[in-house]
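In: Curious how this folds, go ahead:
(chains A and B)
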Amino acid sequence: DTGVSQDPRHKITKRGQNVTFRCDPISEHNRLYWYRQTLGQGPEFLTYFQNEAQLEKSRLLSDRFSAERPKGSFSTLEIQRTEQGDSAMYLCASSLQEANYGYTFGSGTRLTVV
Amino acid sequence: AQSVTQLGSHVSVSEGALVLLRCNYSSSVPPYLFWYVQYPNQGLQLLLKYTTGATLVKGINGFEAEFKKSETSFHLTKPSAHMSDAAEYFCAVSESFGNEKLTFGTGTRLTIIP
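Out: The predicted structure is shown next:
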């Protein structure tokens, strides 16, 4: 069990560019979550998957954001036409189906849009 | 809708003193409650959780929290602070029936004074 892995750790991009982040969950975990954390705030829910099915999306997830989890394994989060307001830490987490286990978080991808 | 309020964005305690971090929640159904710790440039690590049963919950690193339904609180305590406890602490709530989205508070930064 190597934990939840996120790649890259840091990304600097110019406004208007597209970026894609990857998350590899703990192998036996069938639920995968994306959260966004801005400076001085707690993480905010973006979306989650059970296996390959995307079950819920937050209103924070505008049409510029898309997430996938093909084959129920790793997940990608893509942001198109990035804006400065997208600068944040993007956190991925995974869990077993039962909610009361709590999540295991990855170390996050810090995005800076310049 | 669920929400979390953490009183005190910054708390400073002397090494060896009692740590008390406050968390109040709002939930329309019986809640699951969590405390996470975040060290600089890292993801969140689960400290402890309350789901059902005993209201006093013990976690890692000597931390514990007590669920008080009448006060809608889940305060985090540690009898004796250690320098390594310096970090950001987040309280989170999820609804226990069919909704595994976590709602986080804004966090409390704990500073330990030597």
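In: ok, the residue of chain B found nearest chain A to B:S84 distance?
Out: For chain B, the residue closest to chain A is B:F104, as judged by C-beta to the nearest C-beta, at 3.1 Å. For the C-beta atoms, the positions are set from N, CA and C on the backbone; glycine is no exception. Look at B:F104 and B:S84: by C-beta to C-beta, to the nearest Å, they are 23 Å apart.
In: When these two are compared, which one has more neighbours?
Out: B:F104 (22 against 9; other C-beta atoms under 10 Å in any protein chain shown).
In: these two touch, right, that one and B:E88?
Out: No: using C-beta atoms under 8 Å, B:F104 and B:E88 do not qualify as a contacting pair, with a distance of 11.0 Å.
In: Flag every residue of chain A that's near chain B.
Out: Where proximity means C-beta under 8 Å from any C-beta of the partner chain, the interface of chain A facing chain B comprises A:4, A:6, A:31, A:35, A:40-45, A:48, A:56, A:91, A:93, A:95, A:99-100, A:102-108, A:110.
In: Of the residues you listed, grab the buried ones for PyMOL.
Out: Selecting the buried subset of those in PyMOL, with 16 or more other C-beta atoms under 10 Å in any protein chain shown as the burial test, is done by:
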select buried, chain A and resi 4+6+31+35+42+43+44+45+48+91+93+95+99+102+103+104+105+106+107+108+110
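In: Low-confidence stretches in the chain?
Out: Since you didn't name a chain, this refers to chain A. Across chain A, the ranges flagged by pLDDT under 70 are A:1, A:97-101.
In: wrong chain, I was asking about chain B
Out: In chain B the weaker segments, taking pLDDT under 70 as the threshold, are B:96-99.
In: Name the nearest residue to the residue nearest in space to the middle of it, ignoring sequence neighbours.
Out: Nearest residue to the geometric centre of chain B (C-alpha atoms, centre = their mean): B:W35, 3.4 Å. Closest residue to B:W35 apart from its sequence neighbours, by C-beta to C-beta, 6 or more residues apart in numbering or on different chains: B:L47 at 4.3 Å.
In: Now do the contacts for the one you found.
Out: Residues touching B:L47, when contacts are defined by C-beta atoms under 8 Å, 6 or more residues apart in numbering or on different chains, comprise B:F34, B:W35, B:Y36, B:V37, B:G59, B:I60, B:N61, B:F63, B:L76, B:Y89.
In: Tell me which two of those sit farthest apart.
Out: Of all pairs drawn from the contacts of B:L47, the one with the largest separation by C-beta to C-beta is B:F34 and B:N61; the distance is 15.0 Å.
In: the more surrounded of these two?
Out: More neighbours sit around B:F34 than around the other of B:F34 and B:N61, counting by other C-beta under 10 Å; the figures are 28 against 12.
In: could you say what helices and strands the helix or strand hosting that one packs with?
Out: Here B:F34, judged by DSSP states H and E, is contained in strand B:31-38. With contacts defined as 3 or more C-beta pairs under 8 Å, 6 or more residues apart in numbering or on different chains; DSSP states H and E, the packing partners of strand B:31-38 are strand B:44-50, strand B:64-68, strand B:73-78, strand B:87-95.
In: Nearest to B:C23, out of the ones you listed?
Out: That would be, of these and by C-beta to C-beta, strand B:87-95, which comes in at 3.5 Å.
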